[in-house]
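J.: all I have is the shape, not the residue letters:
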């Protein structure tokens, strides 16, 4: 079945640094979602992408839908302590169920 | 309701006992999903309900797991004869048709 890979698996950064993470697939999708999960909570939707090449921002977050439709990127600028959590990507093709990646665990050091 | 509500938020049970986990989806959402998240791991799909269609049970790990959705709204996930490896956070999500999912805060199950 479809599988998503996320890299890096985990990252430790200094407060104020920019963060980049990505999500790749062996098959194409026509919708990409990025979620963030705070400790002890369920994932919360951050950004949705619906078109190849689309670049969307939400505050300090920017996500892009890759041109090949097989990848997506999430960038966080000027990280702050509350950015800590697990970031999941999810891909969907033609109304099928979303496929979730394994997550990138972000730690922010003061 | 305004969000997806799950209860209980925490459940500790003895090995061999049955447990029921409840999910109240967002009103009007036709699709409902159950996922399992083991410590430090990603989201493992369990089961999916869409309207009145037969549920997609392809992710249920064993016949000890079952779920139902009554009246197209509230869902209950039942785990019979719990085992220690069932310990995990069980997340419920709902969506409008094939839209993005809204997750609940999960039920943390600990089997001792």
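T.: Good, I have the coordinates. Remember, it's a predicted structure, so these values are computed and weren't measured experimentally. Numbering: from 1, shown residues only, chains lettered A, B, ... in the order given.
J.: what is the least confident helix or strand in the chain?
T.: Just so you know, I chose chain A. Sorting the helices and strands of chain A by mean pLDDT, DSSP states H and E puts strand A:99-100 at the bottom, at a mean of 91.
J.: hmm, no, I was thinking of chain B.
T.: Quick look at chain B via mean pLDDT, DSSP H and E: least confident is strand B:44-50, a mean of 93.
J.: next structured bit after that strand?
T.: The helix or strand immediately downstream of strand B:44-50 is strand B:65-69, counting by DSSP states H and E.
J.: close to chain A, is that next one?
T.: No. Contact between strand B:65-69 and chain A is absent, the nearest approach being 15.2 Å (criterion: Cβ under 8 Å from any Cβ of the partner chain). Any C-beta I mention is one placed from the backbone N, CA and C, and that applies to glycine too.
J.: how about chain B: which residue is closest to chain A?
T.: Residue nearest to chain A within chain B: residue B:103 (3.4 Å; Cβ to the nearest Cβ).
J.: hmm, that residue is touching residue B:90, no?
T.: No. Counting by Cβ atoms under 8 Å, residue B:103 sits too far from residue B:90 to count as a contact (11.2 Å).
J.: list the contacts for residue B:14?
T.: Counting by Cβ atoms under 8 Å, 6 or more residues apart in numbering or on different chains, residue B:14 makes contact with B:82, B:111, B:112.
J.: residue B:60 too?
T.: Residues near residue B:60 by Cβ under 8 Å, 6+ apart: B:46, B:47, B:66, B:67.
J.: need the pLDDT of it.
T.: Note for residue B:60: predicted pLDDT of 96.
J.: so what's the closest residue to residue A:49 other than its chain neighbours scoring on pLDDT?
T.: Among residues not flanking residue A:49 along the chain, residue A:65 sits closest, at 3.9 Å (Cβ to Cβ, 6 or more residues apart in numbering or on different chains). pLDDT recorded at residue A:65 is 95.
J.: ok, residue A:65 - contacts?
T.: Counted by Cβ under 8 Å, 6+ apart, residue A:65 has contacts A:32, A:49, A:50, A:51, A:52, A:53, A:54, A:55, A:72.
J.: what does residue B:44 give?
T.: Taking Cβ under 8 Å, 6+ apart, one finds B:35, B:36, B:37, B:38, B:59 in contact with residue B:44.
J.: go back to those and keep what's next to chain A.
T.: Filtering the contacts of residue B:44 for neighbours of chain A using Cβ under 8 Å from any Cβ leaves residue B:35.
J.: and the spatially most central residue of chain B, what element?
T.: In chain B, the C-alpha nearest the mean C-alpha coordinate belongs to residue B:34, at 3.6 Å (Cα atoms, centre = their mean). For residue B:34, the host element (DSSP H and E) is strand B:31-37.
J.: in the sheet, who's paired with the closest residue in space to residue B:33 that isn't next to it in sequence?
T.: Among residues not flanking residue B:33 along the chain, residue B:93 sits closest, at 4.6 Å (Cβ to Cβ, 6+ apart). Counting by DSSP bridges, residue B:93 forms beta bridges with residue B:33, residue B:103.
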